[in-house]
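>>> from the sequence below, what's the structure:
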Amino acid sequence: MDKNKITTSCLINNYNYAEYLSEAIDSALNQTVKFDEIIIVDDASTDNSAEVMAKFTQVANVQIILKEKNQGQLSSFNEGFLAAKGDIVFFLDADDIYEPQYLETALNFYKRRSECDFLFCAYKKFGAIEETFQTDKVDLDLGYSVIRTLYSGEWIGSITSTLSIRREIIRKFLPIPNIEDWRVRADDCLVWGASLVGAKKFYMSKPLVMYRIHSNNQYHNKKFLDIDHNYEYKRFWKRNSLFNYIMQKNTFSLPLLLAFTSINELKTIPCPKYDDFISYLKIIFLFEHNYFWKGKGIVLLFSYFLKTLIIGKSIK
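Predicted coordinates for the structure are as follows:
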């Protein structure tokens with residue numbers, strides 16, 4: 001056995017997506033480099049998902065977890081992660097599809113950038129909408145984002161099916177007990193959780209995931225927002241509860257020198273954008289309570305901004 005081999009787990013979460021499930025599983029099975037394991041978690045579906053999954057029970061690297069009670073997407077992430085053994089965990093919604101070379105390309109990225117803890121890629125929308133979504137046209141080192149997430153709630157990531165995270169990072173925040181808060185949009189927990197526990201994040205510009213747009217796609221169509229006009233307000237408090245849990249679990253405390261820490265975090269981004277500087281400026285201005293460090297921090301931030309402009313590192 002190659003001790004340097006990176007092992008991989010693919011977690012497919014499903015609830016009543018029987019019509020798409022087989023295609024999602026096939027896309028994970030038919031990678032140019034094979035997953036070491038594929039774990040399908042069914043959240044007590046009431047359609048014929050069980051029949052679809054039964055076709056894959058004899059496949060050696062496929063494990064099926066049938067939950068007895070419907071508890072939502074976060075509960076499926078919890079169950080899947082507890083069963084997973086891979087060094088890197090890839091997430092796939094049961095209505096989406098991986099391109100055949102996705103895993104191979106992502107693994108090469110992780111090997112090339114060994115400091116990468118969290119990777120998300122561009123994707124193609126298909127179905128009701130046909131278009132490609134790219135955060136940027138080039139790969140990006142996004143650095144660390146503990147301060148940005150903690151103080152501003154910034155969401156640095158993408159949809160579930162584009163995410164992969166090192167196991168050593170995920171174990172710092174999963175499983176999360178407050179599953180009722182995240183029956184949908186549990187990718188929030190993955191994106192925010194990874195930031196808070198100190199994941200170094202990267203973006204891969206190749207669109208290697210197919211994101212299906214259809215009438216039952218809750219995230220894209222935001223049907224729950226139409227029903228609950230207070231959704232974003234409630235999400236704010238759910239986010240606070242999530243952050244408190246993760247901080248307590250990892251015995252984190254707020255930094256003593258926020259301005260100094262903020263600038264050091266900004267410097268972990270090799271090519272910071274204008275928006276990055278604005279984010280940290282707001283944090284220093286609003287949350288640094290020591291007036292000396294507030295002023296000094298703003299001066300240091302502007303100095304660093306001018307320096308990056310002069311040497312041509314800053315991107316619009």
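>>> let's test this: mean pLDDT of stretch 191-206, rounded?
The pLDDT scores in stretch 191-206 average 98.
>>> let me fix that, I meant to ask about stretch 100-120.
Rounded mean pLDDT across stretch 100-120 is 98.
>>> also stretch 289-309?
pLDDT averaged over stretch 289-309 gives 95.
>>> swap in stretch 28-40?
Stretch 28-40 comes out at a mean pLDDT of 98.
>>> quick one: buried residues of it?
Across stretch 28-40, burial judged by 16 or more other CB atoms under 10 Å covers Ala28, Leu29, Gln31, Phe35, Asp36, Glu37, Ile38, Ile39, Ile40. In short, each C-beta sits where N, CA and C put it, glycine included.
>>> repeat that for stretch 140-160.
Neighbour-count burial for stretch 140-160 [16+ other CB under 10 Å]: 140, 142-151, 154, 156-160.
>>> distance from that stretch to the middle of the chain?
9 Å (CA atoms, centre = their mean, to the nearest Å).
>>> and it, how far apart are its ends?
The first and final residues of stretch 140-160 sit 19 Å from each other (CA to CA, to the nearest Å).
>>> leaving out sequence neighbours, find the closest residue to Leu190.
Spatial nearest neighbour of Leu190, chain neighbours left out: Leu163 (5.8 Å); criterion: CB to CB, 6 or more residues apart in numbering.
>>> number of residues surrounding Pro175?
Using other CB atoms under 10 Å, Pro175 has 15 neighbouring residues.
>>> with the one 10 residues further on instead?
Arg185 sits with 21 neighbouring residues when counted by other CB under 10 Å.
>>> before we move on, what about Pro270?
Neighbours around Pro270, by other CB under 10 Å: 10.
>>> surely it touches Leu142?
No: Pro270 is beyond contact range of Leu142, at 9.4 Å (criterion: CB atoms under 8 Å).
>>> thinking again about what came up before, narrow the buried residues of stretch 28-40 to those in helices?
Ala28, Leu29 (DSSP state H).
>>> from memory the residue nearest to Leu190 sits against Ile156, does it?
No: applying CB under 8 Å, one finds Leu163 not in contact with Ile156, separated by 11.4 Å.
>>> what about the helices in the stretch 1-150 of the chain?
18-29, 49-54, 73-83, 102-112, 146-152 (DSSP state H, counting those that start in this stretch).
>>> just these: most buried one?
Greatest average neighbour count among the helices of the stretch 1-150 of the chain goes to helix 73-83 (a mean of 22), per mean count of other CB atoms under 10 Å.
>>> so what touches it?
Residues outside helix 73-83 that contact it (CB atoms under 8 Å, 6 or more residues apart in numbering) are 11-15, 39, 41, 43, 63, 65, 67, 89, 91, 170-171, 174-176, 178-179, 181-187, 189-190.
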